[in-house]
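> Output the structure for:
(one chain, ligands or ions: 1)
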Amino acid sequence: MRLNRRKIQRVVKAVLLGLGVALVLVQFVPVDRTNPPVETRVDAPADVVAVLERACYDCHSNETVWPAYSRVAPVSWLVAYDVHEGREAVNYSTWGRYSAEDRAKFRKETWEEVEEGEMPLKLYPLLHPDARLTDADRELLRAWAAGAEEYEDSEHEDESEH
Ligand code: HEC
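Residues are numbered from 1 along each chain as shown. Presented below is the predicted three-dimensional model:
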């Protein structure tokens, strides 16, 4: 087939039309953007909670603020995926469901993920400048995690007394 200008234009038009139709159709795929009720708030000092709210709550709580772009597929699928996976990993809104041991573990992991630069997820602070953590924010999370270690140590002391 020899391609001339008219044929190329026809193909480009068909492809663009196909993409347009596909983009409209994918909007009908249901996306779960529900916020289940907040059961128990994380038992941390108010200044620690404030940092978590700013940088983590969109993916690790039941108080997700769903931005406009989370309403448009296929971006909505990625956002919903991160929120569901994030809540699965640790949810500060269902803190009371975790055992004392798990709560201590999550306190430490909260700091470890931030310390290692794993959390918040890389793309997130670009879209949410509020989620950029200052040295003071990081220090609050570090101190909170250190408190969990002391708590665990005292638990072990109790055990050895028996
Ligand atoms: C944009 C969504 C998003 C934000 C914002 C976010 N996380 Fe996460 N987080 C996830 C996802 C998804 C996972 C599970 C997959 C993974 O580990 O990458 C996760 C996993 C975790 C885990 C478990 C890691 C493990 O190894 O099991 C911890 C702890 C965590 N995040 C802490 C935080 C903290 C603390 C913040 C805020 C400073 C934060 N996250 C912000 C999406 C997010």
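
> Could you use CA atoms for every contact and neighbour count after this?
Noted.

> In the chain, which residue is most central in space?
For the chain, the residue lying nearest the average C-alpha position, counting by Cα atoms, centre = their mean, turns out to be Cys59 (2.5 Å).

> For that one, what is the enclosing helix or strand?
According to DSSP states H and E, Cys59 maps onto helix 57-60.

> Helix or strand next in line after that helix, which one?
helix 75-89.

> what about the helix or strand that comes right after that next one, near the ligand?
Per DSSP H and E, helix 75-89 leads on to helix 100-115 as the next helix or strand towards the C-terminus. Yes: part of helix 100-115 sits near the ligand under the criterion Cα under 6 Å from any ligand atom, namely Phe106, Glu109, Thr110, Glu113, Val114.

> Tell me who's in contact with the residue nearest to the centre of the chain.
With Cα atoms under 8 Å, 6 or more residues apart in numbering as the criterion, the residues that contact Cys59 are Asp82, Val83, His84, Glu85, Gly86, Arg87.

> Grab the nearest non-local neighbour of the first one.
Distances taken as Cα to Cα, 6 or more residues apart in numbering put Cys59 closest to Asp82, at 6.5 Å, once the chain neighbours are dropped.

> Kindly report the same for the fourth one.
When the adjacent residues along the chain are set aside, Glu85 lies closest to Cys59, with 8.0 Å between them (Cα to Cα, 6+ apart).

> how close does that neighbour sit to Val79?
Separation of Cys59 from Val79 (Cα to Cα, to the nearest Å): 9 Å.

> what's the overlap in contacts for those two?
Overlap between the neighbourhoods of Cys59 and Val79 is empty, taking contacts as Cα under 8 Å, 6+ apart.

> can you count the residues close to the nearest residue to Val79 once chain neighbours are set aside?
The spatially closest residue to Val79, leaving aside those adjacent along the chain, is Ser70, at 6.1 Å (Cα to Cα, 6+ apart). Applying other Cα atoms under 10 Å, we find 17 other residues in the vicinity of Ser70.

> now do Tyr124
By other Cα under 10 Å, the burial measure for Tyr124, its neighbour count, is 16.

> next one: Ala145
Ala145 has 21 nearby residues by other Cα under 10 Å.

> what about it, which SS state?
Using DSSP: H, G, I helix; E, B strand; the rest coil as the criterion, the local structure at Ala145 reads helix.

> which residues touch the nearest residue to it once chain neighbours are set aside?
Counting by Cα to Cα, 6+ apart, the nearest residue to Ala145 once its immediate chain neighbours are dropped is Lys108, at 4.6 Å. Remark: with contacts taken as Cα under 8 Å, 6+ apart, Lys108 is in contact with Ala145, Ala146, Ala148, Glu149.
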